[in-house]
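In: could you work out the structure for the sequence below:
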Amino acid sequence: MRQELLSLPKGLAEEVSKNLVMVARLIDEDPEQAYAYSRIALRLASRVAAVREAAGFAAYATQKYSEALAEFRAAKRMTGSVELWPVMADCERGLGRPERALAMAGEPEVQKLDKAGQVEMRLVAAGARRDQGQLEAAIVTLQSPELASSSVQPWTARLRYAYADALLAAGREDEAREWFGKTLEADKDGSTDASDRLAELDGVEFVDAAIDLVDEDEDEDADADLDEDEDDDDQDAAEVAAAERASDVAEYYDEDDEEYEPLEQSEADFDVTDEVVPVEDDDKA
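Out: Down below sits the predicted model:
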């Protein structure tokens, strides 16, 4: 890419390079934004193969398969390379033409691909078989020396996953479980959801611990609030009872009342802070 950009004027090359960097940075997390940057680069330098390729992948990521196929074909014409052959075939699948993808899988270009490209082409062909409802044919397509190898390569996890998924679609659950397990062994960076698929087959349901923790905290807060409310209620009841007693005492001890009758005070109503007045002995007096 760098060599291709050097063919452009310096200022233009820098501008195109900035847009291509943004395409690469955003294509996974924000494909639409990556696509927008690719269109800018395409307007600036449509005769640069790297720009056409980047535009193709951005369109592919946003499922604009017809546009992506056109850009990949343009890049292939410019470079003479066949490395884009598998993704071009997958664009045919995206356009609802699995038969064309299968035809491309049988073309001489496939033999020119490196090992990774050939495995990718096998994955696309198997997908095309499944598109046509040919599950057993898809399984056979994926059976290869690369699948049987115990050596872990960059494509191993994806190949094993596709095989396990095809087995499961064909109703071969036990074999699917085995191959999802083998996928997990090769998937060191978690690029597939093989662990989730295995758990699903085993009937395991995951619970979000964070949600449970929040729920527990909310329950504890609710219990604390309830206890506090109960304490407040008890305190209020005690205060009301005390006020009623005080009211009663005040009423019965109204010395201006002709019907004055002193109220006997129970031990429970006795306050240790009440002043004790000594009574003098009449005899001594």
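In: rest of the way, CA atoms for contacts and neighbours
Out: OK.
In: tell me, how many residues neighbour Lys188?
Out: By other CA atoms under 10 Å, the residues close to Lys188 number 11.
In: kindly give the local confidence score, pLDDT, for it.
Out: We have a pLDDT of 89 for Lys188.
In: how much space between it and Ala166?
Out: 22 Å (CA to CA, to the nearest Å).
In: how about Leu123?
Out: 11 Å.
In: please apply the same query to Gln134.
Out: Distance from Gln134 to Ala166, by CA to CA: 10 Å.
In: neighbour count: the two, which is higher?
Out: Shown here are Gln134 and Ala166; by other CA under 10 Å, Ala166 has more neighbours (23 against 14).
In: low-confidence regions, this protein specifically.
Out: 205-285 (pLDDT under 70).
In: centre-most residue in it?
Out: For the chain, the residue nearest the mean C-alpha position is Asp193 (11.2 Å; CA atoms, centre = their mean).
In: what sits against that residue?
Out: Under the criterion of CA atoms under 8 Å, 6 or more residues apart in numbering, Asp193 has no neighbours.
In: keeping just the C-alphas, turn stretch 190-201 into PDB.
Out: Only the C-alpha atoms of stretch 190-201 are listed here, as PDB (Å, rounded to 0.1, in the frame of the first residue of the first chain):
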ATOM      1  CA  GLY A 190     -12.300 -15.900  21.700                       C
ATOM      2  CA  SER A 191     -13.100 -15.200  18.100                       C
ATOM      3  CA  THR A 192     -16.000 -17.600  18.100                       C
ATOM      4  CA  ASP A 193     -18.800 -18.300  20.600                       C
ATOM      5  CA  ALA A 194     -18.000 -22.000  20.800                       C
ATOM      6  CA  SER A 195     -18.200 -21.900  24.700                       C
ATOM      7  CA  ASP A 196     -21.700 -20.500  24.500                       C
ATOM      8  CA  ARG A 197     -22.700 -23.100  21.900                       C
ATOM      9  CA  LEU A 198     -21.400 -25.900  24.100                       C
ATOM     10  CA  ALA A 199     -23.200 -24.500  27.200                       C
ATOM     11  CA  GLU A 200     -26.400 -24.300  25.200                       C
ATOM     12  CA  LEU A 201     -26.100 -28.000  24.100                       C
END
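In: for the helix or strand that contains Glu146, name the packing helices and strands.
Out: For Glu146, the enclosing helix or strand under DSSP states H and E is helix 145-148. Applying 3 or more CA pairs under 8 Å, 6 or more residues apart in numbering; DSSP states H and E, one finds that helix 145-148 makes contact with helix 156-169.
In: give me the helices and strands touching the helix it packs on, please.
Out: By 3+ CA pairs under 8 Å, 6+ apart, helix 156-169 packs against helix 115-131, helix 135-142, helix 145-148, helix 173-186.
In: check which residues of that helix are buried.
Out: Of the residues in helix 156-169, 156-168 count as buried by neighbour count, 16 or more other CA atoms under 10 Å.
In: possible to save the helices and strands packed on helix 156-169 as JSON lines with mean neighbour count and distance to Cys91?
Out: Shown next, in JSON lines, are the helices and strands packed on helix 156-169 (neighbours: other CA atoms under 10 Å; distance: least, CA to CA, whole Å):
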{"stretch": "helix 115-131", "mean neighbour count": "22", "distance to Cys91": "10"}
{"stretch": "helix 135-142", "mean neighbour count": "19", "distance to Cys91": "18"}
{"stretch": "helix 145-148", "mean neighbour count": "13", "distance to Cys91": "24"}
{"stretch": "helix 173-186", "mean neighbour count": "19", "distance to Cys91": "26"}
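In: how about TSV for those, with distance to Lys64 added?
Out: Formatted as TSV, the helices and strands packed on helix 156-169 follow (distance: least, CA to CA, whole Å):
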stretch	distance to Lys64
helix 115-131	17
helix 135-142	25
helix 145-148	31
helix 173-186	30
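In: out of those helices, which is closest to Glu71?
Out: helix 115-131 (18.8 Å; CA to CA).
In: what's the angle between the closest one and helix 135-142?
Out: 180 degrees (axes from the mean of the first three to the mean of the last three CA atoms, to 10 degrees).
In: start the count at 57 instead of 1 going forward.
Out: Renumbered: residue one is now 57, and that last one reads helix 171-187.
In: elements contacting helix 171-187?
Out: helix 141-150, helix 154-161, helix 191-198, helix 212-225.
In: apply 7 Å and report the result again.
Out: helix 141-150, helix 154-161, helix 191-198 (3 or more CA pairs under 7 Å, 6 or more residues apart in numbering; DSSP states H and E).
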